[in-house]
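> Sequence and predicted structure are below.
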Amino acid sequence: MSDQIFDDNSTFISTEMGIKLSKSKIKKKSQQELPHKTREEFRIEEGRRFHNVETLKYFLPNDDEELDRLHLQHYMWRYLWQSNFSAPVDDLLQMEETKVLDIGCGAGSWLFELATEFPLPVFTGTDISPVIPTTIKPRNINFIKGNILDGLPFEDNSIDFVHQRLLLGAYPLDKWQGVVNELVRVLKPGGYLELMEADAELKPLGPNAKRLSDALLALMAEKGQDPHILLKLQSFMEENGQLEEIVKGEKFGPYGKSSGRLGQIGVENHTAFFTNIKPPLMKAMNIPSEEYDELVKAMARELVEYETMIHTVRVYG
């Protein structure tokens, strides 16, 4: 990563790339806002920063520790799938007029990598939390802050490639079909929509890992979320009725030392996930902080011992 500082006049300086730009100008140019109901933008719980939007069920924090995990998770998915997408959009990504939309872009790992590899299209990311870097980024990236449940600020038939990944913890089950319908609404004829999700329930699990997993599943159920939403992605796209040649692929990601670097990253990511979700999950489990921390440590060991697997699915059409 490059060395990055701000001077006293809020000017961003990249010592690696030789760029000196005004922070305020970049932010004004690259960010728009969507209306949404909120009391304050963020809330602090157990020392961790969370979004504070009433209509969203997302329960993970949006602080630096979670952003680091999201970057790690991005590389895990890319390594597992040996690609950043499965839809046949390589030709589209070579065209200057192509528009790409990433829903729930988070830290922007997927966006930054694709925008760097494919410099001609315009990439737009949306997220409820404005945590994507805005001071140094490829010039072909824009960001719009907002909640897709309030609708997207794009015209019908305006986007060539719509991508959404790992939002099983963001939407309740009864909102999913509406989300898919909204994504299809903005899709151009001949364009592609790609959805990727992972199963929230890993298998097999040791006793400590299962205790944490069961608590997570209960928390998701309380929020009306489906931990196995990956199994319904294809039916959501088929139910919309406007997509042709819907294709589903699946891969199982192994955890543990015997799986090499991918397994090691998997354990690191899963451990960081349960570390970061500690405030709401510890409260739901009604256990003290020290006990929760010991559970997470034991879970990490069991993921290796039990050779745990994570099920992932990509569907495009």
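That came through, no problem.

> Show me what the strand or helix carrying Gly190 is packed against.
Secondary structure assigned from DSSP states H and E places Gly190 in strand 187-198. Here strand 187-198 touches strand 159-165, helix 173-185, helix 233-240, strand 309-316, going by 3 or more Cβ pairs under 8 Å, 6 or more residues apart in numbering; DSSP states H and E. C-beta here means a position set from N, CA and C on the backbone, and glycine is covered the same way.

> Does Tyr292 touch Met285 like I think?
Yes - applying Cβ atoms under 8 Å as the test, Tyr292 and Met285 come out as touching, 7.1 Å apart.

> Minimum distance to Asn208: which of the helices and strands packed on strand 187-198 has it?
strand 309-316 (17.2 Å; Cβ to Cβ).

> still on that earlier bit, buried residues of the strand holding Gly190, list them for me.
Using 16 or more other Cβ atoms under 10 Å as the test for burial, strand 187-198 gives 187-188, 191-198.

> biggest separation within the residues you listed, which pair?
Lys188 and Ala198 (28.1 Å).

> burial of the closest residue to Thr124 other than its chain neighbours, as a residue count?
In this structure, Thr124 finds its nearest non-sequential neighbour in Asn142, 4.6 Å apart by Cβ to Cβ, 6 or more residues apart in numbering. Residues lying near Asn142 (other Cβ atoms under 10 Å) number 20.

> for the helix or strand hosting Asn142, which positions count as buried?
If you go by DSSP H and E, Asn142 is part of strand 141-145. Across strand 141-145, burial judged by 16+ other Cβ under 10 Å covers 141-145.

> Likewise for stretch 305-317?
So, applying 16+ other Cβ under 10 Å, buried residues of stretch 305-317: 306, 308-317.

> all strands of the stretch 1-150 of the chain, in order?
Listed in chain order, the strands of the stretch 1-150 of the chain (DSSP state E, counting those that start in this stretch) span 4-6, 11-14, 19-22, 31-33, 38-45, 48-53, 99-103, 122-127, 141-145.

> got the buried residues for stretch 273-290?
273-282, 285.

> Do me a favour and get the end-to-end distance for it?
17 Å (Cα to Cα, to the nearest Å).

> ok, back up a step: nearest to Asp160, out of the buried residues of stretch 305-317: which one, please.
For those, the nearest to Asp160 is Tyr316 (12.9 Å; Cβ to Cβ).

> That closest one and Tyr192 touch, don't they?
Yes - using Cβ under 8 Å, Tyr316 is in contact with Tyr192, at 5.6 Å.

> Report the set of residues contacting both of those two.
Ala87 (Cβ atoms under 8 Å, 6 or more residues apart in numbering).

> one step back: would you mind getting the angle between the strand holding Gly190 and strand 99-103?
30 degrees (axes from the mean of the first three to the mean of the last three Cα atoms, to 10 degrees).

> now strand 187-198, how far from the chain's geometric center?
15 Å (Cα atoms, centre = their mean, to the nearest Å).

> Identify all contacting residues around that strand.
77, 85-89, 92, 157-168, 180, 183-184, 229-230, 233, 236-237, 243, 310-317.

> which of the residues in whichever helix or strand comes after it are buried?
Using DSSP H and E, the next helix or strand after strand 187-198 towards the C-terminus is helix 207-222. Going by neighbour count (16+ other Cβ under 10 Å), the buried part of helix 207-222 is 208-213, 215-216, 219-220.

> Which per-residue confidence value corresponds to the spatially closest residue to Pro288 that is not a sequence neighbour?
Once flanking residues are discounted, Pro288 sits nearest to Met282: 8.0 Å by Cβ to Cβ, 6+ apart. The model reports Met282 with a pLDDT of 96.

> Secondary structure element holding Met282?
Going by DSSP H and E, Met282 is in helix 278-285.

> Gln234 touches Ile246, doesn't it?
Yes - with contact defined as Cβ under 8 Å, Gln234 and Ile246 form a contacting pair (6.0 Å).

> what residues are shared contacts of these two?
Val315.

> got any ranges where the stretch 201-317 of the chain has weak pLDDT?
Scanning the stretch 201-317 of the chain for pLDDT under 70 picks out nothing.

> Could you rerun that using 90?
256-259 (pLDDT under 90).

> next one: the stretch 1-150 of the chain
1-70, 106-107, 128-138, 146.

> ok so, going back, just want the angle from the helix holding Met282 to helix 207-222.
Using the same axes, to 10 degrees: helix 278-285 against helix 207-222 is 90 degrees.

> what about helix 278-285, distance to the chain center?
The answer for helix 278-285 is 21 Å, by Cα atoms, centre = their mean.

> again with stretch 190-200
For stretch 190-200, the distance to the chain centre is 12 Å (Cα atoms, centre = their mean).

> what about that stretch, average pLDDT?
The model assigns stretch 190-200 a mean pLDDT of 98.
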